[in-house]
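Enquirer: Everything below, folded, please.
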Amino acid sequence: MATAAAPSGLVAYRLRAELRGHASDVRAVVALPDGGFATASRDATICIWEPSRDGGSLPTESTRVLRGHDHFVVTLAVLPAGAEGGRTLLASGSADKTIRIWDPTTGECLCTMRGHTDAVCSLSAANGNRLVSSSWDKTARVWSIDAPGEESNVSTKCVATLIGHQTAVWDALLLPSTDVVVTCSADRTLKLWNVGSGTCISTVTGHTDVVRALAALPFGGLISVANDSSARLWKWEKPAGLTLSSMASDVHDGNFVYAVDARMLAGSGDSSAVTVASGGEDNTLRVSGVTIGSDGRTLNLQTVQTVTHPGSVWNVALAETGDLITGCSDGVARVFTRDSSRMASSDALQVFEASVAARQVSTKLIGGVDAKKLPLLSEALSTPGVKDGENRMVRRDDGDGAEVHVWSAADSKWSKVGDIVDGPGGGGGGGTSGSGGQVNGLRYDYVFDVDLGEGIPNVKLGYNRGEDTYLAAQRFIDTNSLNQDFLDQVATFIETQVGADATALTTAASSDPLTGGGRYIPRGNAGAAAGAAASNGSPLAAGRYIPGGGDATTAPSRPPPPPRKLIPHPDGFVTMSASDQLDKIRTKLTEFHATLGVASVSDAEIELVCNSLLPKLGGGGGGGGLRGTGPGAGVVSDEECAAIESLLAKWPTSQVFPVLDVARLVVATPSGAACLFGRRNGAALTHVLRHVSAAFPTDAAAMSGADAAAASKASGAVALLGCRFAVNLFHNRVVASTARTRQADILTTFGRTAGAASSPPRARDTFAMLLLNYAVALTEARAPASDRAPVLEAAVAGLRREREEPIAFRLGVALGTLMTGDDKAVTEAAMTLGAAAAVALVASLSPRCQQVATEIATLIAVD
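Expert: Sure, this is the predicted structure:
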């Protein structure tokens with residue numbers, strides 16, 4: 001392939017590391033003073049990534065995870081240590097409407113700041129102890145932060161609330177060395193504010209779409225980027241204020257620009273250049289240079305490098321070291337560097353390039369192409385590109401398919417960024433008008449423009465053939481923070497547009513959802529038809545972010561929700577009532593008895609368990625599994641139950657786990673349950689809870705050294721098998737009533753042991769089964785919200801952090817089961833705990849998790 005000279009000026013960036021620690025989109029990234037980074041995600045967590053001591057490498061796993069927000073974390077800011085000392089702090093803003101201040105070195109949340117009434121979408125630090133926030137509530141706020149020395153207490157105060165924008169304020173910053181705040185908004189304007197008085201100094205226009213982000217320039221002024229794909233450079237001077245210096249009209253090839261940052265960096269290759277990084281909907285990071293013109297006043301912007309990502313680039317940040325970090329919709333943060341000594345290995349680079357090349361580019365997104373008419377790859381890519389970021393569509397030399405390649409001026413080469421595939425309707429771009437497209441970097445078979453009100457930019461609704469319409473509707477509501485009441489209306493709209501079964505393509509219709517002709521304009525009454533003109537604001541946004549509209553006065557009539565398949569749990573209680581380890585259990589019982597001696601239990605009791613009881617549980621002890629209710633099931637005697645109870649009472653916690661394994665099998669048999677919880681009054685449960693508590697003491701210092709070491713060694717098995725015993729209590733409905741009576745003790749004990757975030761997956765899965773059984777029991781008993789609340793809380797907490805699909809699915813079913821019924825107080829309690837956000841975090845793990853999330857969404861909508 002032909003090569004071309006690399007551009008002069010800024011030195012090209014290369015991949016340094018991929019930071020994989022989040023379960024969803026990385027929405028915010030910042031560089032920390034120690035050379036590390038912080039990342040935040042739609043999974044409601046913040047990850048800290050500290051470098052090695054020599055600063056050369058970044059960890060493969062996050063150093064620590066910060067949890068506390070109840071919804072997506074969408075913005076971060078570093079509060080630097082003051083000149084007089086102190087410490088560096090981290091601020092985070094969330095869709096839960098709060099700002100939190102953290103100590104990034106310990107992960108401790110120092111305080112929570114409240115004041116905004118909708119999602120906090122940007123934070124910026126300035127002038128030492130000032131923090132500026134902006135929100136979808138149409139305001140910006142200026143806060144003073146007082147964090148003395150190394151003390152844990154932090155005091156905050158809102159010193160100004162800036163009110164004047166008509167819609168969401170997407171970004172805000174305090175101009176360096178001034179008392180002037182600049183804000184940008186979905187109303188397409190920038191505003192300047194006097195912090196002291198809280199008054200608007202001036203309003204600046206120019207952008208033709210939502211203004212998304214701002215960055216201060218080192219030599220004065222700022223840069224703004226918008227959904228119109230432009231970047232505008234503004235000069236700041238008194239008393240004129242902001243004046244437009246220059247504009248780059250198509251920075252991201254016609255796509256939304258989500259983020260921008262600017263710094264004058266050492267090692268850039270040009271001492272007069274400022275590095276500007278931007279990220280956009282087109283899946284690219286763009287690196288540009290800003291220089292001052294020969295007149296000493298005009299600012300010039302030139303893109304010099306394009307780095308394609310596997311998804312939308314939500315956020316970018318430049319570090320003082322010269323490195324750059326991006327947050328991507330694929331859940332990965334990526335660090336790029338100009339330092340050759342820190343660049344990624346060739347293997348890591350190949351992984352990144354493969355993830356980019358694996359993208360599929362629909363022919364509907366590129367206007368429809370006939371692959372047979374494309375130039376051959378070997379011929380088309382033999383000449384260099386005209387500019388950085390140029391795309392070329394080529395036909396493979398063997399004729400089998402087509403690809404998209406992008407030109408990198410920095411590397412002087414073409415790189416594959418995707419395969420061309422048919423959009424809806426197929427045909428390889430056969431010339432028909434397509435309805436597919438991208439929403440937030442993801443490809444959909446259908447994309448509709450949704451009008452939220454007069455004069456307000458449309459938002460996109462994506463739908464794939466065969467997808468559950470309620471899932472697509474819920475995704476649209478979550479993404480745009482719209483009112484949950486309109487779930488049914490959005491789902492019905494999708495079904496109307498694509499066909500009742502939501503699987504077949506619609507033929508040519510009288511409306512064009514891509515161009516907006518006859519587009520969906522939601523109303524607040526049942527008679528609103530697709531394509532009707534908007535009136536009296538946007539009912540979709542009622543009570544939430546309302547771009548230029550007010551609350552709806554009436555709610556739409558809803559069609560009956562679709563039948564639920566997974567909630568309430570269709571199969572009743574779950575049990576763990578089989579084992580193929582009976583021979584090993586017998587061996588371990590014999591071994592421990594030999595160690596402990598007859599001072600603990602008698603030889604006769606051990607022989608009764610090993611030679612009489614175990615064969616009944618496993619069909620002769622060969623591991624055939626429990627036959628608790630089928631033909632030939634062994635009847636457990638009172639003497640055998642007494643022996644098990646004696647072992648539970650007398651053996652030490654460090655050696656009791658094989659007894660727990662037998663006990664959980666016994667309680668799953670009708671005769672064993674009747675004996676342990678009838679004639680013997682349930683003492684076995686008390687012993688089980690005692691052992692689990694001893695294995696995980698709340699005050700470890702209270703245990704002797706030997707006991708602590710022994711208990712620690714066996715603690716995992718004790719928690720796992722003890723929790724399985726609790727799960728199997730529900731095998732017998734009479735015994736299940738005892739589990740209900742002792743719910744508080746059982747949930748507390750196993751919640752901090754088997755259900756802890758640090759527990760292995762098998763233990764967490766068993767705790768999820770326990771919660772599911774409680775959910776079934778409480779729902780069948782029509783228990784009040786107060787009884788269900790502890791189980792709701794445990795299920796929501798688990799969903800927030802769980803990324804193992806089987807466990808997350810079980811937790812979701814438990815949550816949904818608890819929410820069924822006609823007690824609205826239960827649904828209200830679940831919503832207060834953040835159930836909707838929690839289940840949304842796991843919806844992408846599998847189709848069945850998506851289905852559970854959809855069914856829970858219908859419950860919320862109905863209630």
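Enquirer: so what's the backbone phi/psi at the residue of the chain positioned farthest from its centre?
Expert: The centre of the chain is farthest from one residue, Ala604, which by Cα atoms, centre = their mean lies 56.3 Å away. Torsion angles at Ala604 (phi, psi; degrees, to the nearest 10) stand at phi -60, psi -40.
Enquirer: Same check on Leu376?
Expert: Here Leu376 shows phi and psi, under degrees, to the nearest 10, equal to phi -70, psi 150.
Enquirer: From Arg395, how far out is it?
Expert: When distance is defined by Cβ to Cβ, to the nearest Å, Leu376 is 6 Å away from Arg395. All C-beta spots, glycine's among them, are computed from the backbone N, C-alpha and C.
Enquirer: And the pLDDT for the residue farthest from the centre of the chain?
Expert: Looking at Ala604, its pLDDT is 89.
Enquirer: One more: Gly682?
Expert: pLDDT at Gly682 comes out at 84.
Enquirer: so it touches Leu676, yeah?
Expert: Yes. The criterion here is Cβ atoms under 8 Å, and Gly682 meets it with Leu676 at 6.8 Å.
Enquirer: who has more neighbours, those two?
Expert: For Gly682 versus Leu676, the count of surrounding residues by other Cβ atoms under 10 Å is larger for Leu676: 29 against 16.
Enquirer: Remind me which helix or strand the residue lying closest to Leu617 once chain neighbours are set aside belongs to.
Expert: Nearest residue to Leu617, sequence neighbours excluded (Cβ to Cβ, 6 or more residues apart in numbering): Leu665, at 4.7 Å. Using DSSP states H and E, Leu665 falls within helix 657-666.
Enquirer: How much space separates the residue nearest to Leu617 from His687?
Expert: As judged by Cβ to Cβ, Leu665 and His687 stand 16 Å apart.
Enquirer: higher neighbour count, the two?
Expert: Higher neighbour count among Leu665 and His687: Leu665, with 29 against 24, using other Cβ under 10 Å.
Enquirer: Phi first, then psi, for the nearest residue to Gly462 once chain neighbours are set aside.
Expert: Sequence neighbours aside, Tyr444 is the residue nearest to Gly462 in space, at 3.3 Å (criterion: Cβ to Cβ, 6+ apart). Per-residue torsions, Tyr444: phi -130, psi 150 (degrees, to the nearest 10).
Enquirer: How about the secondary structure of Val826?
Expert: Classification of Val826 by DSSP: H, G, I helix; E, B strand; the rest coil places it in helix.
Enquirer: Mind checking the pLDDT average for the helix or strand following the helix holding Leu665?
Expert: Going down the chain from helix 657-666, the next helix or strand is helix 670-674, by DSSP H and E. For helix 670-674, mean pLDDT rounds to 84.
Enquirer: on contacts alone, who are the packing partners of helix 670-674?
Expert: Counting contacts by 3 or more Cβ pairs under 8 Å, 6 or more residues apart in numbering; DSSP states H and E, helix 670-674 packs against helix 657-666, helix 733-741.
Enquirer: Let me know whether Leu318 touches Ala277 as I believe.
Expert: Yes. Contact criterion Cβ under 8 Å: Leu318 and Ala277 qualify, at 5.7 Å.
Enquirer: Can I take it that Glu793 is in a strand?
Expert: No. Read with three-state DSSP, Glu793 is helix and lies in no strand.
Enquirer: any idea how far the residue nearest to it when sequence neighbours are not counted is from Asp118?
Expert: Distance criterion Cβ to Cβ, 6+ apart; nearest residue to Glu793, sequence neighbours excluded, is Leu833 at 5.8 Å. Applying Cβ to Cβ, one obtains 20 Å for the distance of Leu833 from Asp118.
Enquirer: Tell me which of the two has more neighbours.
Expert: Between Leu833 and Asp118, counted using other Cβ under 10 Å, Leu833 has the larger neighbour count: 20 against 17.
Enquirer: Pretty sure that one sits against Val791.
Expert: No. Contact criterion Cβ under 8 Å: Leu833 and Val791 do not qualify, at 10.9 Å.
Enquirer: State the pLDDT value of the closest residue in space to Asp137 that isn't next to it in sequence.
Expert: Leaving aside its sequence neighbours, Asp137 sits nearest to Asp118 (Cβ to Cβ, 6+ apart; 4.0 Å). We note a pLDDT of 90 for Asp118 in this prediction.
Enquirer: quick revisit: more neighbours: which of Leu376 and Arg395?
Expert: Arg395 (22 against 14).
Enquirer: re the thing from before, show me what contacts the residue nearest to Leu617?
Expert: Applying Cβ atoms under 8 Å, 6 or more residues apart in numbering to Leu665 gives the contacts Ser577, Ala578, Ser579, Leu617, Leu626, Gly672, Asn728.
Enquirer: would a markdown table of the residues you listed with neighbour count, secondary structure and distance to Pro384 be doable?
Expert: A markdown table is the format used below for the contacts of Leu665 (neighbours: other Cβ atoms under 10 Å; DSSP: H, G, I helix; E, B strand; the rest coil; distance: Cβ to Cβ, whole Å):
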| residue | neighbour count | secondary structure | distance to Pro384 |
| --- | --- | --- | --- |
| Ser577 | 21 | coil | 69 |
| Ala578 | 15 | coil | 66 |
| Ser579 | 20 | coil | 67 |
| Leu617 | 28 | helix | 74 |
| Leu626 | 26 | coil | 71 |
| Gly672 | 31 | helix | 78 |
| Asn728 | 30 | helix | 69 |
